[in-house]
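Asks: sharing a model that was predicted from the sequence below.
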Amino acid sequence: MPKINGNEIKPGNVLEHDNGLWVAVKVGHVKPGKGGAFAQVEMKNLRDGRKLNERFRSEDKVERVRLEQKDQQFLFEADDMLTFMDSETFEQIELPADLLGDRRPFLQDGMTVTIEYYGDEALNVSLPQKVTCKVVETEPVVKGQTAANSYKPAVLDNGVRIMVPPFIAQDEDIIVHTETFEYSERA
């Protein structure tokens with residue numbers, strides 16, 4: 001595995017540190033008046049979700065881990081376990097539903113997701129950046145309400161509440177960002 005210097009860590013890098021696999025969430029470079037510069041790295045453990053703040057000097061060496069990514073299709077959920085199928089080998093794997101966290105409602109039947117593996121261990125599930133959802137409940141469209149930054153609350157068909165522009169009506173399909181839970185555009 002390649003070793004990188006402490007000042008080369010970027011958000012999204014997966015590192016082997018303290019006998020665990022950690023993903024760098026935030027990286028800040030600090031140059032104090034006295035002493036050498038360092039990178040302040042906020043990391044999240046990929047196996048148990050613990051968070052850690054660590055300082056790395058430029059001369060510190062860190063193991064950078066490359067995860068294998070496979071596209072797999074979501075089949076069904078049973079007993080808080082999600083079943084996915086490899087589209088090439090047709091092998092099925094089960095992963096805990098809490099691996100997706102609050103993005104779980106955006107997982108739809110038949111959706112293709114990217115699962116990251118470290119050896120044979122599945123560590124992360126990435127949803128598509130944008131998904132199409134139907135608005136099931138929102139305030140009616142008011143004519144003449146064209147203020148630039150006015151948004152109204154809406155409930156989607158998966159139960160998630162988001163803010164939408166005033167021209168979006170009930171039973172309309174919209175595209176939503178799965179990372180930020182924000183309205184993107186009409187479908």
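Replies: Yep, that arrived. Every value quoted in this text rests on a predicted model; they were computed, and no experiment measured them.
Asks: low pLDDT regions in this protein?
Replies: Judged by pLDDT under 70, the chain has its weakly predicted residues at 1, 142-149.
Asks: what residue spans form the domains of it?
Replies: 3-65, 68-126, 130-186 (automatic domain parsing).
Asks: mind putting those into CSV with mean neighbour count?
Replies: Every residue, glycine included, has its C-beta placed from N, CA and C. What follows is the domains of the chain, written out as CSV (neighbours: other C-beta atoms under 10 Å):
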stretch, mean neighbour count
domain 3-65, 14
domain 68-126, 14
domain 130-186, 14
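Asks: how about the secondary structure of the residue nearest the centre of the chain?
Replies: Most central in the chain under C-alpha atoms, centre = their mean is residue 179, positioned 5.3 Å from the mean C-alpha point. Residue 179 carries the three-state label coil when classified by DSSP: H, G, I helix; E, B strand; the rest coil.
Asks: which residue, other than its chain neighbours, is closest to it?
Replies: residue 129 (6.9 Å; C-beta to C-beta, 6 or more residues apart in numbering).
Asks: alpha carbons of stretch 60-76, as CSV, please.
Replies: What follows is stretch 60-76, C-alpha atoms only, in CSV (Å, rounded to 0.1, in the frame of the first residue of the first chain):
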residue,chain,number,x,y,z
ASP,A,60,4.7,11.8,9.1
LYS,A,61,4.0,8.9,6.8
VAL,A,62,0.4,7.5,6.5
GLU,A,63,-0.8,4.4,4.7
ARG,A,64,-3.3,5.3,2.0
VAL,A,65,-5.8,2.5,1.3
ARG,A,66,-7.4,2.0,-2.1
LEU,A,67,-10.9,0.5,-1.9
GLU,A,68,-12.3,-1.6,-4.7
GLN,A,69,-15.5,-0.2,-6.0
LYS,A,70,-18.3,-2.5,-7.5
ASP,A,71,-21.6,-1.4,-9.0
GLN,A,72,-24.4,-3.6,-7.5
GLN,A,73,-28.1,-3.6,-7.8
PHE,A,74,-30.4,-3.2,-4.8
LEU,A,75,-32.9,-6.1,-4.6
PHE,A,76,-34.9,-5.9,-1.3
